[in-house]
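Quick check, what structure comes out for this input:
(2 chains)
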Number of protein chains: 2
Amino acid sequence: MAKGKTMRWIRYERNGEKAYGILEGDSIVEVKGDPFAGYEKSRTMRSLKEVKVLVPVEPRNFYAAGLNYAGHVIEMAKKHGTEPDLPKAADIGYRANNALIADGEAIVIPADAGEEVQYEGELVAVIGRKAKHLSEKDALSCVLGYTIGNDVSERGWQRKDRTLWRAKNTDTFKPMGPWIETEVDLDKLETIVRVNGAETERFKTNSMVFGVAQFLSRMSRYLTLYPGDVVWMGTEGAPQNLKSGDLCEIEIEGIGVLSNPVRREVL
Amino acid sequence: MAKGKTMRWIRYERNGEKAYGILEGDSIVEVKGDPFAGYEKSRTMRSLKEVKVLVPVEPRNFYAAGLNYAGHVIEMAKKHGTEPDLPKAADIGYRANNALIADGEAIVIPADAGEEVQYEGELVAVIGRKAKHLSEKDALSCVLGYTIGNDVSERGWQRKDRTLWRAKNTDTFKPMGPWIETEVDLDKLETIVRVNGAETERFKTNSMVFGVAQFLSRMSRYLTLYPGDVVWMGTEGAPQNLKSGDLCEIEIEGIGVLSNPVRREVL
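As a prediction, this is how the structure comes out:
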């Protein structure tokens, strides 16, 4: 997108009405429309404190890179008792909309889940326009901006099940937000994870096996990208377990902090 | 849903306007609203011939059972040179909205795809209401009706790639339709596939490893089902290759015929 002034798109609810707005400090300029189909600024101003923040977009297609950082591939292989196997091509995967929750909402661990429920702090690219057959050089031109995702994963189910359906897509396992930042320098970003305020991960966000442009270019050879599609870019390191009562924060400097409490389902 | 008179929900476009209607023979009673959020019949009647049929729903979540018929598991294992391995649990998979096309639209094989691009005729359950924690006994109560899917697959990519992204989700690889039939007797259904009019598959639709109720019950333990979600139930047999110029028809008696021409992309 055009380089220029940073812009933060926030989606929220107030008195039962949903709207998009542009966040400036703690103030929101409400818009008519949305950043995808088009918008007009209104004269309505909101305070961030008086609204309920929503997931910044409900995507038509919810893509996820999965294994995309060398350290994480090595750590996961260790846990699974297999040889580390770096992905050889930018083959995208999928997550599901039922699992999305907004900044501040609770990650609910099912009653019968094991103890290995872990965060994964991820950069999320939000597609702004319809696109196909993008070159790597032009690929980022279809990105509206970036937000933050927490790819919460139940490792027992991940090892055991035939698919990632409940390991990764159990309701509430996909926190995303708090908003979309349109101007970032990917090479300068750091991703930081904190559990109950203590830092547990810190890594260069852009040290991916395949970068955002590589994924979007390869995907768009076969798949039309649509406004509002999201692409989660994977995580680094050896994530730790989350337990009831924890607060999990994913920060990407220059974007924001995605913060979610954790509790266990009581049947 | 309540047993009673059969009802066929069709979604269509006419003069650039999209609408849902109730199909009676070749006539459509247009409605205001939709079968999910609620509707009122209008006085507008359309002929099936004067409208462009659309995909019957754009799902929030697009689920697919994948391997779910014993014969198909055995045939696919033979092709992959592996031992047949029947799924041990109803672990659902995913497909992607970008790939959906309607009855009559063309399946476009990418220029660089191999020769093994194959149909898979499937029953599709369409969810009618929000549901969680369904027992097997009650699971079908959340189903609005059934439609037909063609899970077009490029077998070379399916064997080679780390995920099913382009093997199964290339644009146009997911024909779905032509409409949603609300009253079916699952045990009486037969699925028939024809290529250029010649029958290539015929199987009992409900001879699945795990049935619709088993899948929905297990899924809803962890995943909220939403109105408009779709669940593709897998296919039987040893599908044949499709090539440019073919016409592929999937029929499920009592539901309808999903018919799509095939062509190869020219770059």
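
So which bits of the stretch 1-150 of chain A are right by chain B?
Applying the criterion Cβ under 8 Å from any Cβ of the partner chain, the portion of the stretch 1-150 of chain A that neighbours chain B consists of A:58, A:60-61, A:66, A:87-89, A:91-94, A:96-99, A:110, A:132. Heads up, the C-betas are built off the backbone N, CA and C, glycines and all.

so how far is B:Ile180 from A:Ala131?
To B:Ile180, A:Ala131 is 31 Å away according to Cβ to Cβ, to the nearest Å.

Next: A:Ile109.
In this structure, A:Ile109 and B:Ile180 are 35 Å apart, going by Cβ to Cβ.

What of A:Trp165?
Applying Cβ to Cβ to A:Trp165 and B:Ile180 gives a distance of 24 Å.

The two - which one has more neighbours?
Neighbour tally, A:Trp165 and B:Ile180, criterion other Cβ atoms under 10 Å in any protein chain shown: the higher count belongs to B:Ile180, 29 against 22.

avg pLDDT for stretch A:148-167?
Stretch A:148-167 comes out with an average pLDDT of 97.

Run the chain-centre distance for it.
The chain centre lies 15 Å from the centre of stretch A:148-167; the measure is Cα atoms, centre = their mean, to the nearest Å.

Between its first and last residues, how far does it reach?
Start and end residues of stretch A:148-167 are separated by 20 Å (Cα to Cα, to the nearest Å).

Hmm, A:Arg218 is touching A:Ala65, no?
No: under the criterion of Cβ atoms under 8 Å, A:Arg218 lies out of contact with A:Ala65, with a separation of 10.9 Å.

Could you tell me which residues touch both of these two?
With contacts defined as Cβ atoms under 8 Å, 6 or more residues apart in numbering or on different chains, the residues shared by A:Arg218 and A:Ala65 are A:Ala90, A:Ile92, A:Phe210.

ok, of those, which one's closest to A:Ile28?
When the shared contacts of A:Arg218 and A:Ala65 are compared for distance to A:Ile28 (Cβ to Cβ), A:Ile92 comes out closest, at 32.6 Å.

And the residue of the stretch 1-150 of chain A closest to chain B?
Ranking the residues of the stretch 1-150 of chain A by distance to chain B (Cβ to the nearest Cβ) places A:Asp91 first, at 4.2 Å.

Give me the three-state assignment for the residue nearest to that residue when sequence neighbours are not counted.
Nearest non-adjacent residue to A:Asp91, counting by Cβ to Cβ, 6 or more residues apart in numbering or on different chains: B:Arg162, 4.2 Å away. When the structure is split into helix, strand and coil by DSSP: H, G, I helix; E, B strand; the rest coil, B:Arg162 lands in coil.

Could I get the contacting residues of B:Arg162?
By Cβ under 8 Å, 6+ apart, the contact list for B:Arg162 reads A:Gly66, A:Pro87, A:Lys88, A:Ala89, A:Asp91, A:Gly93.

Please tell me how far A:Gly197 sits from A:Glu136.
A:Gly197 sits at a distance of 39 Å from A:Glu136 (criterion: Cβ to Cβ).
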